[in-house]
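**Q** What shape does this take:
(chains A, B and C)
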Amino acid sequence: MNYLDELNESQRAAVLYNEGPSLVIAGAGSGKTRVLTYKIAYLLEQGYLPSSILALTFTNKAAREMKERIARQVGPEARRLWMGTFHSIFSRILRKESAVLGFTPNFTIYDSSDSKNLLKTIIKEKGFDEKTYKPGSVQSHISNAKNHLVLPLAYASNPQLLQADASMKMPKIYEIYQEYWNRCRQSDAMDFDDLLVYTFILFHNFPEVCRRYAEQFRYVLVDEYQDTNFAQHSIVQQLTSVYQQVCVVGDDAQSIYSFRGANIENILKFTKIYPNARLFKLEQNYRSTQNIVRAANSLIEKNSEQIRKEVFSEKAEGDRIQVFSAYSDIEEGEIVANQLQRLHLREHEDFRDFAILYRTNAQSRIFEEALRKRSVPYRIYGGLSFYQRKEIKDLIAYFRLAVNSHDEEAFKRVLNYPARGIGDTTLKKLQAAAVERRVSLWTVLEEPLTYGVSINKGTHAKLQGFRALIETFRAAALEKDAYELGAQVVRESGIMADLCQNNDPENLSRRENVDELVTGLHDFVATRQEEGNEHIYLTDFLSEVSLLTDQDNERDDEEAKVTLMTIHSAKGLEFRNVFIVGMEEELFPAAQSVQNYKALEEERRLFYVALTRAEERCYLSYAKSRFKYGKTEFSAPSRFLKDINPRYLDLPAEDRLQRQVDEGASRFRRQQEGGSLFGHSGTDGYGSAGFGNSSWEGHVGGNRSATRSGASAPSATFPSSGASRPEGHRKAQLFGSSAPRHLTRVSSTAGTSSGNASAASSASASSAQVGGVSLCVGHQIEHERFGRGEVIRLEGTGDNCKATVRFQHAGEKQLLLKFARFKVVG
DNA sequence: CCGATACGCATTTTT
DNA sequence: TGCGTATCGG
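**A** So this is what the prediction gives:
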């Protein structure tokens, strides 16, 4: 109970309140995660079972961090909590309940490039012009619809949407949407949005399933609620329909993801949807100086739509925010780099305590160059992710096919890679037959003649060769573990051979990446086994890896480096010293945002997020000219500079003069912005409340059927389609977790032994003997991935012996000694 | 099947 | 300007 002392009054109130829905508005740096973790700890203490608590986050990272913090509080039982991203938790549920929806438990998760490619294919098939029907644009329309739970049939009969599409010269989007929907089902695949949509459908169409989960989850917590979309919001409602015990945490002032469907209304109107909800506000900022907090307050005040709050800091007043004016983007880079270096040399600020934040990725180059020139180490976030690399995608495509051969996108990707003489023409023939007969490409491949594909003998042989290859993997997938199978695929698919054709640096790095993936597989299997799971199949790896981003793979950096990133990706982070650069009109706010006040307010929130990343010092800079698209463009300082009360700023002399002139004009403009406030009702064509029942009612299928050869499911009813393999549930922990990944392998037989192992009882023992190593409670061990730790508990005997180890850095873990890789060090 | 060339596009991106 | 993609030619 002592942890309650570590909370301030409002934090404690939020933690202790337990009698119904609650909304916690957590100002920047106000200890939001602390409240969430302590609240969960408190619930556990109150007797809630870990498995009855569901905590949803947006990022794997957030889930992982929270899990670790809770584990520190309450020990290993934290592992039984249902804590993870919306997508990972829902995919876990969907894999279990897949049959009634007409999917198998091994369904593929399409990433956005898969879905874009599929859309491209469909657009071509339908003979639409790709210039008018840009795949990316169609994709975002469809995504938007899904985020609003509008299924194809509802879309096709929604005059508003049809008209909006028509006015964008894409009147046939509904048709593409329908086909896309069918094709995903046919491929036994869901895209990211589908994970939400189908969860909603599952709960809606199968009330008994909904009830089962709603009864299991006696308490639901949601992090970053301002970023939820309508679908997520609706599912939370479904899940809390029994107990109404829900706590959502967020900050409307930090809602910056509307372009991804996040709906700020969800948080603004929470107390209307749950009329008996209690509202808590966390207003003390523990992160930033008073000056920074006040500056940020004075900025966000200019927004009209928000939950009023008074964020304050009790830290030192701190320096004013210094504003730098540069003549050019290059000079801006110089100024920032100079100031950064000055702080490093004079104030001994560590490089890792600096961040340079920008609106667009394109701005990074200038700063890279300036830093490189000064030999300042830096790290840029937001490059291509590991999983986006060609060789990795190729390999994963094989994995996917091994698990789900109906996966159309994976199929097309590797049918002729490495080259096996199956050209475009052949693929087109297969594709045509598949579309015609509404079956998967794989089904056609199995019996080309039945489906009327006319090909010559040679091609036929090649196709059957490919089929045999995949069949081998498929058979192996049922027996081998993920690592063994992965290694086999690397060997036998011919990818490695292809990458070994020559030794140019390109291929070299690709080989390294492939090796890294295999190592990742190995770690994944090892981690799972240590946790007590016997068989770790490739499908387990895939279901996790498809929801992973590169940020989840981050290695803790040895070297101190300056951080360069977009403001979006800086959300949730903090740095002692922050440079916010490119404070110019048409850049920040982005040119596209200035016409519509909602977008402009979002940009302002984005700036608010940027400011509130800073703990000690914050700098703003702008350039009067900037090289853009091959031309030098001139622009005015950002209007946002004028939104900050000048007493918190240190302005360049010229600007101070100019400001007096501008003052009147800017006040006038603000009135105008405010004036248009009530005119708009959202720009996405989806009213915020208009998506009740009728829009998705009764068509899971929307399509006529899921005509996969193996498992077909008509749309009206959902017969169980023999789920192929019962699947044990995995925890949502990430492979590689947060531990350093490059430790040398230590065999568990190589440890020192320390004699007399007493016969361990089946329940609990003080010592154990496994594989020639004896281990006692109190022993220090050195684990391959988790590092140093002390054995605090031993359970079971022989092969089944399980040790609970408290690691110095990795927290408490349970290890199955049979699999764990460690050595005894004392 | 690959390479050269032209074209068009260019916020942000938790999953 | 500089990249990624689309298309054509050898």
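**Q** Strands of the stretch 551-700 of chain A, residue ranges please.
**A** Here the stretch 551-700 of chain A has its strands, by DSSP state E, counting those that start in this stretch, at A:562-566, A:575-580, A:614-628, A:631-634, A:649-650.
**Q** Parallel or antiparallel, which strands does the last one pair with?
**A** Its sheet considered, strand A:649-650 pairs with strand A:321-328 (parallel) by DSSP bridges.
**Q** And the third one, by the same measure?
**A** Applying DSSP bridges to the sheet, strand A:614-628 is found paired with strand A:321-328 (parallel), strand A:575-580 (parallel), strand A:631-634 (antiparallel).
**Q** Please identify the deepest-packed of the strands of the stretch 551-700 of chain A.
**A** Of all the strands of the stretch 551-700 of chain A, strand A:575-580 carries the top mean neighbour count, a mean of 25, counting by mean count of other C-beta atoms under 10 Å. From N, CA and C alone the C-beta is placed, and that goes for glycine too.
**Q** do it and DNA strand B meet at all?
**A** No: using C-beta under 7 Å from any atom of the strand, strand A:575-580 never reaches DNA strand B; the gap is at least 13.9 Å.
**Q** ok, and what's touching that strand?
**A** For strand A:575-580, contacts defined as C-beta atoms under 8 Å, 6 or more residues apart in numbering pick out A:336, A:339-340, A:343, A:349, A:353-358, A:563, A:567, A:607, A:610-611, A:613-621.
**Q** same thing with stretch A:322-341?
**A** Stretch A:322-341 is contacted from outside by A:354, A:356, A:363, A:366-367, A:369-371, A:373-374, A:376, A:562, A:577, A:579, A:581-583, A:617-627, A:637, A:641, A:649-652, A:654-655, using C-beta under 8 Å, 6+ apart.
**Q** Buried residues in it, which are they?
**A** A:322-326, A:329-337, A:339-341 (16 or more other C-beta atoms under 10 Å).
**Q** Which positions in the stretch 501-650 of chain A make contact with DNA strand B?
**A** Neighbours of DNA strand B within the stretch 501-650 of chain A, by C-beta under 7 Å from any atom of the strand: A:547, A:549, A:551-552, A:565-566, A:568-569, A:571, A:590, A:592-593, A:599, A:603, A:629-630.
**Q** got any ranges where the stretch 201-350 of chain A has weak pLDDT?
**A** Applying pLDDT under 70 to the stretch 201-350 of chain A flags no residue at all.
**Q** all helices of it, in order?
**A** A:207-216, A:230-239, A:265-268, A:270-273, A:290-300, A:329-346 (DSSP state H, counting those that start in this stretch).
**Q** Alpha carbons of the third one, as CSV, please.
**A** Think helix A:265-268. What follows is helix A:265-268, C-alpha atoms only, in CSV (Å, rounded to 0.1, in the frame of the first residue of the first chain):
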residue,chain,number,x,y,z
GLU,A,265,-14.6,13.5,-29.7
ASN,A,266,-14.2,10.2,-28.0
ILE,A,267,-12.5,11.8,-25.1
LEU,A,268,-14.2,15.1,-25.3
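**Q** would you turn the strands of the stretch 551-700 of chain A into a markdown table with distance to DNA strand C?
**A** What follows is these, written out as a markdown table (distance: least, C-beta to the nearest atom of the strand, whole Å):
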| stretch | distance to DNA strand C |
| --- | --- |
| strand A:562-566 | 17 |
| strand A:575-580 | 23 |
| strand A:614-628 | 7 |
| strand A:631-634 | 7 |
| strand A:649-650 | 34 |
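**Q** What's the mean pLDDT across stretch A:611-629?
**A** Regarding stretch A:611-629, the rounded mean pLDDT is 96.
**Q** Dump the strands paired with strand A:614-628 to TSV, plus distance to A:C776.
**A** TSV is the format used below for these (distance: least, C-beta to C-beta, whole Å):
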stretch	distance to A:C776
strand A:321-328	57
strand A:575-580	44
strand A:631-634	70
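**Q** re the thing from before, and of the helices of the stretch 201-350 of chain A, who's closest to DNA strand C?
**A** DNA strand C lies closest to helix A:329-346 among the helices of the stretch 201-350 of chain A, at 12.7 Å (C-beta to the nearest atom of the strand).
**Q** Tell me if the closest one is near DNA strand C.
**A** No: Helix A:329-346 lies apart from DNA strand C when judged by C-beta under 7 Å from any atom of the strand; the minimum separation is 12.7 Å.
**Q** Distance from the chain centre to that helix, please.
**A** Distance, stretch centre to chain centre, for helix A:329-346: 33 Å (C-alpha atoms, centre = their mean, to the nearest Å).
**Q** okay, it in PDB with CA atoms only?
**A** Only the C-alpha atoms of helix A:329-346 are listed here, as PDB (Å, rounded to 0.1, in the frame of the first residue of the first chain):
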ATOM      1  CA  ASP A 329      17.500  26.400 -43.800                       C
ATOM      2  CA  ILE A 330      21.300  25.800 -43.900                       C
ATOM      3  CA  GLU A 331      21.900  28.600 -41.500                       C
ATOM      4  CA  GLU A 332      19.200  27.200 -39.200                       C
ATOM      5  CA  GLY A 333      21.100  24.000 -39.100                       C
ATOM      6  CA  GLU A 334      24.300  25.800 -38.200                       C
ATOM      7  CA  ILE A 335      22.700  27.800 -35.400                       C
ATOM      8  CA  VAL A 336      21.000  24.800 -33.900                       C
ATOM      9  CA  ALA A 337      24.100  22.700 -34.100                       C
ATOM     10  CA  ASN A 338      26.200  25.500 -32.600                       C
ATOM     11  CA  GLN A 339      23.900  26.000 -29.700                       C
ATOM     12  CA  LEU A 340      23.700  22.300 -29.100                       C
ATOM     13  CA  GLN A 341      27.500  22.000 -29.100                       C
ATOM     14  CA  ARG A 342      27.800  25.000 -26.800                       C
ATOM     15  CA  LEU A 343      25.500  23.300 -24.300                       C
ATOM     16  CA  HIS A 344      27.400  20.100 -24.500                       C
ATOM     17  CA  LEU A 345      30.800  21.800 -24.000                       C
ATOM     18  CA  ARG A 346      29.900  24.500 -21.500                       C
END
